[in-house]
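Engineer: sequence first, predicted model second:
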Amino acid sequence: MTKCLFVVALLVTLSVGAAAQTPDTLVSIAVAGAQHPTQRGSFIPRLAPYFEGGPSVSVYLPSGQDVRTADGLTIIGFSLMGWAEGDATRVRLLALVPRSGAPDVDLRYRSEFLERRDFASYRIAAGETIRMEMRGLGLEPMVLMSRSFQEMFAEAAKLRDALAQLKRP
């Protein structure tokens with residue numbers, strides 16, 4: 001049976017010029033539910049690459065799932081971080097595993113007992129969708145989607161107009 005983790009990461013990009021990525025990019029993480037995705041967090045990518053101390057979003061596996069790295073460590077969840085890279089965003093996916101000597105308890109949301117391990121890296125531009133395979137872990141793939149703020153505002157305006165039509169007698 002496939003273990004359940006399906007994440008949609010929305011990289012929302014506001015571009016100034018056709019080829020310029022700005023710090024106005026928002027990376028949002030959602031876990032897909034039966035009918036609607038559930039937002040799990042978001043961050044604004046930095047302009048320069050970073051590996052520690054920057055904005056990130058963590059998505060934890062449900063308690064009781066036995067998902068392991070190739071060397072046998074339990075994967076508690078994943079952390080995503082990103083930065084501008086030319087006209088796109090670099091998204092780094094890290095597996096969250098127990099630190100050496102961590103207590104034998106539920107470690108979800110206990111970051112002081114977790115370490116990040118490189119898992120994958122993706123470059124995504126506005127308008128793209130990338131399927132992130134979970135490398136044989138038995139988890140559903142994650143999906144990265146990049147959308148511009150302009151596109152989102154246009155969709156919100158359509159929704160507003162449709163709601164206004166419903167209110168008319």
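Structural biologist: Arrived safely, thanks for sending. Here the structure is a predicted model, which means the values were calculated and not measured. Residues are numbered from 1 along each chain as shown.
Engineer: quick one: what helix or strand has Arg123 in it?
Structural biologist: Assigned by DSSP states H and E, Arg123 falls within strand 114-124.
Engineer: may I have the strands that pair with the next helix-or-strand element following that strand, each with its orientation?
Structural biologist: Sequence-wise, the next helix or strand downstream of strand 114-124 (DSSP H and E) is strand 129-132. For strand 129-132, the paired strands and their directions (DSSP bridges) read strand 142-148 (antiparallel).
Engineer: pull out the buried residues from the partner strand.
Structural biologist: For strand 142-148, a neighbour-count test (16 or more other C-beta atoms under 10 Å) marks Met142, Val143, Leu144, Met145, Ser146, Arg147, Ser148 as buried. Just so you know, the C-beta spots here come from the backbone N, C-alpha and C atoms, and that holds for glycine as well.
Engineer: what angle do that strand and strand 114-124 make?
Structural biologist: 50 degrees (axes from the mean of the first three to the mean of the last three C-alpha atoms, to 10 degrees).
Engineer: CA atoms only: put the strand holding Arg123 into CSV for me.
Structural biologist: What follows is strand 114-124, C-alpha atoms only, in CSV (Å, rounded to 0.1, in the frame of the first residue of the first chain):
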residue,chain,number,x,y,z
LEU,A,114,16.3,16.5,13.9
GLU,A,115,18.9,17.0,11.3
ARG,A,116,18.5,17.8,7.6
ARG,A,117,19.8,15.6,4.9
ASP,A,118,20.0,16.5,1.2
PHE,A,119,17.3,14.7,-0.7
ALA,A,120,16.7,16.6,-4.0
SER,A,121,17.1,20.0,-5.6
TYR,A,122,14.8,21.6,-8.3
ARG,A,123,14.9,24.7,-10.4
ILE,A,124,11.4,26.0,-11.3
